[in-house]
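# sequence below, structure please.
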Amino acid sequence: MTDRILVLDIETVPDLAAGRVLLGAAAEGLDDAALRAALGARYARPGEDPAHAFLKAPLHRVVVLGVLRARRDGMGEPWRVTQLDARATGEESEAELLEKLDQAFRNQPVLVGFNTQGFDLPVLRYRAMALGVPMPNLFGRGGRDYGHRYGNDHIDLCDRLSGHRASTPPSLAECAALLGLDAKSFMGGAAVEAAAAEGKLADVAAYCEQDVVNTWALALRWMMATGLLGADDARASMAALADTVESSGKPQLLPLLDGLRQLA
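Model (predicted):
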C-alpha cells in the first residue's frame, strides 16, 4: 500500500435550485419548504415524510468537506495523521472546496471512505459538472483510478465489508459500535439538513470530523484483519490516531478517545 492515504467524507443538503428546474411548472409558487417536500415525494418510501426523504445524488450540494490525511515513512512504520480538518461553505465557496480537494489528490494518495463509491464520489462528480470545477486528479488523470470499484486506489469500507453489497451494507455507526466507538455522539446524519438550514455549519463540520476519525479507525482495523498491516503496526497507528484526537482540542472527538486507546 502507498505511504499516503486520504480519508474523505462530505456532508450535503438538497440542491433546491436544481430541484426547482427539475420540477418545472410544478415548482411555480412553492416556497423552499414546499419545494423540498415536493422533491421528497418523488423518492419517499411508503409512510415516509416526503420533507425528509433522501434525494438522489444529483440533487445534493456539498456544505462540508472533511479530510483526514495520513502517511507513513515505509513498511513497518506506523501511520500518522498529518491533517484532520472539515471545511464548510460558510468559510469558502463550494467551488473552492472542490478545487482544494482536487489539489489534495495531486500526490496520488489512496482514497479511503465509507460509502464513498455509492454517494460521496457521485455527488462530487455531479458538483464538479454543475459548478464547472475541473477535478482531473479525482477523476483519475493523476494516475489513480478512484472510480474503479474493485481496485486498490479507492477503499470504500462499506462496499468491502459487505462483499460489494452481497450482504446488507452496514452503516458507519454500526461498524464503529463493532469496535467500541461511538459514531454519533455529536450529531446524526439525519440532523445535517436542519442544522445547515439554521446556519449551524460549524456543528456539521465538527460532526464530519468525527466521521473521518471513525472511518480511519475502521480502516486501520480492516487493514489489520486483511493482512495489509501487521498487528503491531496497526496498534501503533491506532495509538497515533488517539494521540491526534487527544491533542486536537476538538471536544466532539473526545468521546472516541477511550475506545481508540483500547484498540491500541
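
# helix or strand next in line after the lengthiest helix in the chain, which one?
In the chain, with assignment by DSSP state H, the single longest helix is helix 201-226. Where DSSP states H and E defines the elements, the next helix or strand beyond helix 201-226 is helix 231-247.

# what's the spacing between the longest helix of the chain and its chain's center?
The chain centre lies 8 Å from the centre of helix 201-226; the measure is C-alpha atoms, centre = their mean, to the nearest Å.

# got the buried residues for that helix?
Going by neighbour count (16 or more other C-beta atoms under 10 Å), the buried part of helix 201-226 is 201, 203-224. Just so you know, the C-beta spots here come from the backbone N, C-alpha and C atoms, and that holds for glycine as well.

# what angle separates it from helix 231-247?
Helix 201-226 and helix 231-247 are oriented at 170 degrees to each other (axes from the mean of the first three to the mean of the last three C-alpha atoms, to 10 degrees).

# burial count for residue 50?
15 (other C-beta atoms under 10 Å).

# nearest spatial neighbour of it, skipping sequence neighbours?
Nearest residue to residue 50, sequence neighbours excluded (C-beta to C-beta, 6 or more residues apart in numbering): residue 40, at 3.5 Å.

# gap between that neighbour and residue 161?
As judged by C-beta to C-beta, to the nearest Å, residue 40 and residue 161 stand 29 Å apart.

# go on, residue 251?
The spacing between residue 251 and residue 161, counted by C-beta to C-beta, is 29 Å.

# that older thread, the residue nearest to residue 50 contacts residue 51, correct?
Yes: Residue 40 is within contact range of residue 51, at 5.7 Å (criterion: C-beta atoms under 8 Å).

# so when I look at residue 12, I'm seeing a strand, right?
Yes: residue state for residue 12 (DSSP: H, G, I helix; E, B strand; the rest coil) corresponds to a strand.
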